[in-house]
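Visitor: fold the following for me, if possible:
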Amino acid sequence: MFIKIKALHGYKLQSQDGEIGRVNEFYFDDRYWTIRYLVADTGTWLTGRQVLISPYALKEVVPNEHHLDVALTKKRIENSPALDTHKPVSQQFESEYYDYYSYPYYWSGSYVWGNYPSIERDRSKWGGVAKPSDNWDRHLRSTKEVTGYHVQALDGEIGHITDFVVDDATWTIRYLIVGTKNWWPGKQVLISPLWIERVSWAESKVVINLSREAIQESPEFTSEALISRDFETNLYDHYNRKGYWIDELANA
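Guide: Numbering: from 1, shown residues only. All right, here's what the predicted structure looks like:
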């Protein structure tokens, strides 16, 4: 299921033994553009620290009830490695976090989820936790921070990021939602992270390897509920690009 990141803000987080808070934001890595952590607002329960929930623990998004099921107990979360609210997520913290939960390291292999092309939640298939790889200098970015970044085509600016569309089966960001109202009134378009030429984090700017004309003539985005495979195929065909699902099916 596709869902917009902003639509998840405020969702209740339901653990195995009670509510633990609400969705605040998400951290994604800048290599695969995949959600690595949900940041929970726990109110007065666990103050002074960031409470991070890995997609490994996210069971189901329930839109009609506005909540997310979390496959953890409150005690398990409370005893997890603590991260100061004013500190970034370091690689040392990630290693401690993944060791605590005995999750497979997402940075340990050549796939989006390390040794797996998608999230493998069946522990019996993990075959032990692989040693982390040091060849990926990974960086985590906040969805709230990147919202609003300017988006530039090969021949000029086209708009800014207004939201993200995530696939809740893999927690990969499939599309950036780009608002183009300053150039083409009222139109929103979808841009895949696969089409990004580069990102200037210092300048808060994303450069897309597409022309302004091609983007202007692309299918218009109106609702994540309408992103069918036919819509995606038309979008990728418009840009003469191979669909991400082709490689994923090959690796399944």
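
Visitor: so Val199, which state does it fall into?
Guide: Per DSSP: H, G, I helix; E, B strand; the rest coil, the local secondary structure of Val199 is strand.

Visitor: no, scratch that, I was asking about Ser108
Guide: When states are read from three-state DSSP, the local structure at Ser108 comes out as coil.

Visitor: surely it meets Tyr116?
Guide: No - Ser108 is not in contact with Tyr116 according to C-beta atoms under 8 Å; the separation is 10.0 Å. Every residue, glycine included, has its C-beta placed from N, CA and C.

Visitor: mind listing the helices for the protein?
Guide: 5-8, 74-78, 91-101, 143-146, 212-216, 229-238, 244-251 (DSSP state H).

Visitor: quick one: which of these is nearest Glu65?
Guide: Checking the helices of the chain against Glu65 by C-beta to C-beta gives helix 5-8 as the closest, at 12.8 Å.

Visitor: and that closest one, which residues are buried?
Guide: For helix 5-8, a neighbour-count test (16 or more other C-beta atoms under 10 Å) marks Ile5, Ala7, Leu8 as buried.

Visitor: can you tell me which of those is nearest Arg212?
Guide: Each of the buried residues of helix 5-8 was checked against Arg212 using C-beta to C-beta; the closest is Ile5, at 25.5 Å.

Visitor: OK, contacts around that closest one?
Guide: Under the criterion of C-beta atoms under 8 Å, 6 or more residues apart in numbering, the neighbours of Ile5 are Phe26, Thr143, Asp163, Phe164, Val165, Val166.

Visitor: give me the domain ranges for this protein.
Guide: For the chain, whose domains are defined here by automatic domain parsing, the residue ranges read 2-140, 147-251.

Visitor: gap between the shortest one and the chain center?
Guide: Spelled out, that is domain 147-251. From the chain centre to the centre of domain 147-251 is a distance of 14 Å (C-alpha atoms, centre = their mean, to the nearest Å).
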